[in-house]
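*Asks:* missing the sequence, but the structure's below:
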């Protein structure tokens, strides 16, 4: 990194990104494998917590989900699906990580195929969540009380 706090794009330097990774209920025991993979990719684990989500935290973590689910399934069925989703998220402990590194969002987004193979799942989204951008990572870290997001 060049002198100062900002990277030098002309030298090919990038700003380290932060991303929140959540192993959902029933998958927290796979955390070691996930951490090893992330570290092997050059990412740093800034914070790692075992968290039990209550309904309020789960809804705040996924603020866009309710509207999207209702749009997909209709109002009545969507409400039932959202209730199921929130109950699932609060059914057991989750492992929450705050991860930092160059291209961390892109690296973590590629995890879904690996998670499918590791956990032998049909739908990897049932096991893992990762922030889709820097702003989402900051919001999610604050909701979960992870680290000190920028």
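*Replies:* In hand now; what should we look at? Here the structure is a predicted model, which is why all the values come from computation and not from measurement.
*Asks:* residue 128 contacts residue 113, doesn't it?
*Replies:* No: Residue 128 is beyond contact range of residue 113, at 11.0 Å (criterion: CB atoms under 8 Å). Yep, even glycine has a C-beta here, placed from its N, CA and C like the rest.
*Asks:* looking at these two, which is more packed in?
*Replies:* residue 128 (23 against 9; other CB atoms under 10 Å).
*Asks:* please name the nearest non-neighbouring residue to that one.
*Replies:* Spatial nearest neighbour of residue 128, excluding adjacent residues (CB to CB, 6 or more residues apart in numbering): residue 115 at 5.1 Å.
*Asks:* who are the packing partners of the one helix or strand that neighbour maps to?
*Replies:* Assessed by DSSP states H and E, residue 115 sits inside helix 111-119. When contacts are defined as 3 or more CB pairs under 8 Å, 6 or more residues apart in numbering; DSSP states H and E, helix 111-119 packs onto helix 31-40, strand 128-130.
*Asks:* run the angle between the helix or strand bottoming out on mean pLDDT in the chain and helix 31-40 for me.
*Replies:* Every helix and strand of the chain was ranked by mean pLDDT, DSSP states H and E. The lowest is helix 111-119, at a mean of 76. Put simply, helix 111-119 runs at 140 degrees to helix 31-40, going by axes from the mean of the first three to the mean of the last three CA atoms, to 10 degrees.
*Asks:* which parts of helix 111-119 count as buried, going by neighbours?
*Replies:* 111, 115-116, 118-119 (16 or more other CB atoms under 10 Å).
*Asks:* thanks again, I'm all set now.
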